[in-house]
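1. here's my sequence, what's the structure:
(3 chains)
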Amino acid sequence: MRLATGIAILALGATLGSIATPALAEWHPTKPIEFVATAGPGGGTDNLARTIQSIITKHKLTDQPVIVVNKGGGSGAEGYTYGKALAGDPYKVIFGTSNAWQQPMVSKVAFKHTDLTPIAALAQDEFLLWVKQDAPYKTVTDYLKAVAAKPGDFKMGGAQSKDTDEVLTRLIEKTANVKFTYIPFKSGAEAAVQLAGGHIDSHVNNPSESLGQWRGGTQRPLCAFTSERLPKGPLITATEGWHDVPTCVESGLNIPRFQQPRTVWLPGKVTPDQVAFYVAMMKKAQATPEWKEYIERTSQTETFLAGPDFEKFMTEDIERVHKIAAEQGWLVN
Amino acid sequence: MISRRVLEIATAVLTGTFGATVAISSLDNGIGWSTAGVEAGAFPFLVGLIILLGSLYNLVRSRLDPPQVSITRADMRALLALFLPAAAFVAAIPLLGMYVATAAYMLGVLAVRPAVSRLKALVYAGVTPLLLYLVFEWAFQVSLPHGVLGEILGF
Amino acid sequence: MENVDALMHGFGIAVTVPHLALMVVGVLLGILVGVLPGLGAPNGVSLLLPLTFGMQPVSAIILLSSMYWGALFGGSVTSILFNIPGEPSSVATTFDGYPMARDGRPTTALATAFGSAAFGALVGVVLITFLAAWVAKAALAFGPPEFFAVYFLAFASFVGMGGYPPIKTLVSLSIGFAIAAIGIDTVSGAVRLTMGVDELVKGVNFIVAVMGLFGIGELLIATEESFQLKSVSSRVDWREVVRTIATLPRHGVAMLRSAAIGCWMGITPGGPTAASFMSYAIAKRLSRRSQAFGRGEPEGIVAPETADHAAGTSALLPMLSLGIPGSATAAVMMGGLMIWGLNPGPMLFIEQKDFVWGLIASMYVGNIVAVVLVLATVPVFAALMRVPFYLIAPLILIICTVGAYSVSNSYLDVLLMLGFGVVGYLFKKLSYPLAPLVLATVIGDKAEDAFRQSMLMSKGSLGIFVSNGLVGSLMAAGLILLLLPLLLQLRRLRAPKPSFDQEPSP
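-> Here you go, the predicted structure:
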């Protein structure tokens, strides 16, 4: 996508979004609602969709039944393309991540994020840099020094290709002036096992993807890509919890923040009152104790972006990713 | 009547076309080596080429087959009697939805059987979609297509 | 022994009246979703998952895993009776199960399948009980080159099996690889082979291909073979079930070998599907009745079923100990584990002893419950064979249609399924083998990913495939399996050339 057109479309979307927020004529679903998870069963996106489903059912946020379907084919493209084809249908709610706008940039998929109507971003998943437990590096600077000495010899694993994990890897390369060999796997969990087996040297998994491995003493985080330390919580290992992991900035790698939003969409061409209904529903879902519990369990950061805020966030993220994608020669349009 | 030779040729042409399409569309993905390793098209290109060459071999070899009859006229009739209604059923799904199409299909194939009474055909045509509904839509929350008809009726 | 004590403790948790009741409910529900193509264990598990949030984790996992056993057993039913495999791993069961059922012995076929499946599952559980720690460590030794070597071994054992025109086998295998490549490529993120159809970006689901190739294809073949079933005994015959089970030990060697293959493939990333194919191929090569394979040979049912269940069971271990789900069902269960507040991973065995050993004990009991229930239903399923063709044909068609649709709520899949049906008919008619196509569709893309990941790691050097003892010996074993039949054939070429076109085996 050309940046100018992207921004123009975004601006249009933003105006639509701002119309959507005030309470217009109330709309209520009169048919079962389908939650489309753009990931296979068991993944982070699927977990979110199913958590929201159970909250809605338990707290009766609508009297219509909610069904979760998985459309994770093509790294999520299946679900988004499905949403695009159902323009005007307010009974399909699509759950995804930032790949809604990143994927069309780097591969020839049949949708753009502007084919969908944004509802909200509900949570931000954090990233950490992990190495094998018995690796000799104490801090991220130790590690990057070793990487710099042998350009291309160190193997960074991650989920999928040209997706958030690889974007972050390239960002690290640029910031620290090093060179990794990036090996894409199907999921973060797979990368974690490969690290435990010593087949790769590091990965940038989310907290929930490597929690069990950290506890089990197969790998440990060097630093977190957050602006401040992760919140205090229960200890993960005998002596450490998430709060004890230094931020990357404080240990010398200047990447202040890298997050992956969990996003919710409707198909295109829905009415503002339909959007308003779902925005309100997501907001109500976030106010429940079950949601708090979910956020804690998955070590994500709670957020609620809708309307113009969400648009602004997207524009910024698109700009940043676009820059990296252009440098790497990933852009397809 | 269709001879084995004709069938072999038709199949070889079918697989060959598929192979050629696969090989050609892989060219877009790049078939060499890049900084990201073996390019995405390399493997499908090779596979497409193998299919194409294999199909050519099968095509040539089919000339050695004796022109014996493989599908007789009676076979053909039985085959079409099964396939055509099935194709019509599948074609009707977007329009009528799964349930109505199922009922119509069952009714259609059973009604032409002298061995089946009208009443029995009607019962089967009614019970099958009902069971589908109970198992899929109701019990396991798998929504089957309701079709244009369903939309009109607001189902 | 520490493990035995722990297991006994686990039995104390698993064998209580409420838990046994949960097992029965889970197994019955599992059989139902397993029998119906289009519904599978993932449907059942995700349906039950919300109900389990209020339960004790150990009760919840007993319910869900019992459903998993039920679904594994149920998946073989349609394979045997109607040539429609409901799960990838039950494809190999159709090769001899379906001919046997059509020969008028559906009860024997089903009982053989269930009996050997139960044996395979038990071997898998025993392995988990005693070698859990070792297995978890062994699995860590597998990186991309080793993954590739395991897939290569599976292909080599199967492709070298012979019995079909070699060029047709090659074409069929390659078509499978091409189908597996459709959609988004993991290693590059690029969209491949969608040929202008946007929806194909999701790839072609295996179930859609198999229901067309096997289910519809067989239906079309059956029309002209004037589908004359040999009369199935009209009495519900329980004695036949008992008799069949009693004769199973005759295949003891095959069962042990298949269980070993299954466990091996379950621990390594090969998985149940590759295990069942490989076990079938090896059984066919080693059996004295090799010629009878594909025509209803009991050992042709015993081999894939034992391996399938041994692999399916031992595949739960990596899920628990490493946090990598071996299947879609395992993935949903893992989601459940996290919601119940348990973290799958290396610490689970240490921190959650009650849970883990309760689960392992329930695997023993659950499998016994499952096999008893499923054997009890054999005559009922066998009775389905008596439904006349004019009625069963449209029903099979409807079920395949619904099944193909519900895989991902897509009408395109239904059209594809019908198209695969025509291809299946042509291929069967012209003795193109379908099995290599299926195997390549299921594990072709994984093998390709592993190969390309290895190439990335080695910067393009093939030397990575002999870089350590493990990968080197796997590759060598694969090469031997692949080349041995070729060498044998070369020797045979001096003798009169055998005719290719009349071997109906897979």
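
2. buried residues in the longest helix along chain A?
-> In terms of residue count, the longest helix belonging to chain A (DSSP state H) is helix A:307-328. By neighbour count on 16 or more other C-beta atoms under 10 Å in any protein chain shown, the buried set for helix A:307-328 is A:307, A:310-311, A:313-315, A:317-318, A:321-322, A:324-325, A:328. Quick note: C-beta positions are derived from backbone N, CA and C, even for glycine.

3. show me what it is packed against.
-> Packed against helix A:307-328 by the contact rule (3 or more C-beta pairs under 8 Å, 6 or more residues apart in numbering or on different chains; DSSP states H and E) you find helix A:3-20, helix A:99-106, strand A:116-126, helix A:164-176.

4. okay, the angle between the shortest one and helix A:307-328?
-> I take that to be helix A:99-106. Interaxial angle, helix A:99-106 versus helix A:307-328 (axes from the mean of the first three to the mean of the last three C-alpha atoms, to 10 degrees): 30 degrees.

5. near chain B at all, helix A:99-106?
-> No - taking C-beta under 8 Å from any C-beta of the partner chain as the criterion, helix A:99-106 and chain B are apart, separated by no less than 11.7 Å.

6. tell me which residues are up against that helix.
-> For helix A:99-106, contacts defined as C-beta atoms under 8 Å, 6 or more residues apart in numbering or on different chains pick out A:1, A:38, A:75-77, A:80, A:109, A:111-113, A:116, A:162-164, A:167, A:263, A:265, A:314, A:317-318, A:321-322, A:325, A:330-333, C:189.

7. for stretch B:10-26, buried residues please.
-> B:11-12, B:15-16, B:18-19, B:21-23, B:25-26.

8. cool, stretch C:246-262 as well?
-> C:248, C:251, C:254-255, C:257-262.

9. what segments of chain B are helices?
-> Under the criterion DSSP H, chain B carries helices at the ranges B:4-27, B:42-61, B:73-111, B:118-132, B:147-153.

10. confidence-wise, which of the ones you listed is weakest overall?
-> Ranked on mean pLDDT, the bottom entry among the helices of chain B is helix B:147-153, at a mean of 88.

11. can you give the distance of it from its chain's centre?
-> Taking C-alpha atoms, centre = their mean, to the nearest Å, one finds the center of helix B:147-153 at 25 Å from the center of the full chain.

12. and that helix, what does it pack against?
-> By 3+ C-beta pairs under 8 Å, 6+ apart, helix B:147-153 packs against helix B:73-111.

13. the helix it packs on close to chain C?
-> Yes - for helix B:73-111 and chain C, the contact criterion (C-beta under 8 Å from any C-beta) is met by B:74-75, B:78-79, B:81-83, B:85-87, B:89-90, B:93-94, B:98, B:102, B:105-106, B:109-110.

14. for that helix, packing partners?
-> helix B:118-132, helix B:147-153, helix C:217-224, helix C:389-408, helix C:411-429.

15. which parts of the helix or strand just after the last one are buried?
-> By that I understand helix C:411-429. Counting by DSSP states H and E, the element after helix C:411-429 in chain order, helix or strand, is helix C:435-458. Neighbour counts using 16+ other C-beta under 10 Å place C:435-458 of helix C:435-458 among the buried residues.

16. again, but for stretch A:129-144
-> So, applying 16+ other C-beta under 10 Å, buried residues of stretch A:129-144: A:129-132, A:135, A:137, A:140, A:142-144.

17. with respect to chain B, which of these is nearest?
-> Closest approach to chain B among the buried residues of stretch A:129-144 (C-beta to the nearest C-beta): residue A:144, at 20.7 Å.

18. what is the end-to-end distance of stretch C:186-193?
-> 14 Å (C-alpha to C-alpha, to the nearest Å).

19. quick one: check that stretch for contact with chain B.
-> Yes - using C-beta under 8 Å from any C-beta, stretch C:186-193 reaches chain B at C:187-188, C:190, C:192-193.

20. tell me which of those residues fall in strands.
-> Residues of the residues of stretch C:186-193 next to chain B located in strands (DSSP state E): residue C:192.

21. same list (the residues of stretch C:186-193 next to chain B) but as TSV, adding neighbour count.
-> Below are the residues of stretch C:186-193 next to chain B laid out as TSV (neighbours: other C-beta atoms under 10 Å in any protein chain shown):
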residue	neighbour count
C:187	24
C:188	24
C:190	22
C:192	28
C:193	26
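
22. spell out which parts of the stretch 1-150 of chain C neighbour chain A.
-> Within reach of chain A by C-beta under 8 Å from any C-beta, the stretch 1-150 of chain C has these residues: C:42, C:46, C:49-50, C:53, C:139-144.
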